[in-house]
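Visitor: sharing a sequence plus its predicted fold:
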Amino acid sequence: MKRSLTAREWILLGVLAAVAAVSGYVMLFYLPVTAQRDAARDETELCQLQIEAAQLRLTEKRQMERELEELFAREESPRGLAAYDNLQSVMLELHTILADTRDYSLSFGTVDASQSIVRREISVSFTSDSYNAAKAVLQRLHGSLYRCMLNNITISLGQTADGLAAVNGSVVFFEYQSQS
């Protein structure tokens, strides 16, 4: 039973062969190459982002190194952090600084020792003869031997009968606790 194909059948077979060839090309060559190209583009973008982040970190590191060099190039060296449980030394320092005031009171908050940098908050209130005297005491507190930060400072002038300056606020002393 051999019969010859008609022209229409030959055309349909040609179209079928063309569709099969195009489908084979798309499935076996075009789609895998496109997927590889897209993956390479994504990887290139990721690498570019990582390079930019590394360059930014390098720039910041160099800036910090310059700042440290400038800091250590000064005549006086920067203050370090005192070792943890420095309360007795802090108390002596506070007494020395606050001795020039008329009176003072200290109230101790809880110590935040959850990290390697310990925060010891002390509420301070004192009375001095004038605004300039109060300012001098606050400057000595800020520049004390032990690293500290002044918080919520209020100065009330002339509130007392003598016209004295009353100061309220808190001082946070920082100490280093090694994590062992």
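Guide: Perfect, I can see it now.
Visitor: any idea how far residue 66 is from the residue nearest to the spatial centre of the chain?
Guide: Geometric centre of the chain, nearest residue: residue 60, 12.4 Å, by C-alpha atoms, centre = their mean. Look at residue 60 and residue 66: by C-beta to C-beta, to the nearest Å, they are 11 Å apart. From N, CA and C alone the C-beta is placed, and that goes for glycine too.
Visitor: one more: residue 23?
Guide: Distance from residue 23 to residue 66, by C-beta to C-beta: 63 Å.
Visitor: of all the helices and strands in the protein, which has the lowest average confidence?
Guide: Sorted by mean pLDDT, DSSP states H and E, the helices and strands of the chain end with strand 82-83, the least confident at a mean of 65.
Visitor: now the longest helix along the chain: mean pLDDT?
Guide: Counting residues, the longest helix found in the chain (DSSP state H) is helix 31-73. Across helix 31-73, pLDDT averages out at 92.
Visitor: just checking, next helix/strand downstream of the least confident helix or strand of the chain?
Guide: Per DSSP states H and E, the first helix or strand lying C-terminal to strand 82-83 is helix 87-98.
Visitor: after that next one comes which helix or strand?
Guide: Using DSSP H and E, the first helix or strand after helix 87-98 is strand 103-112.
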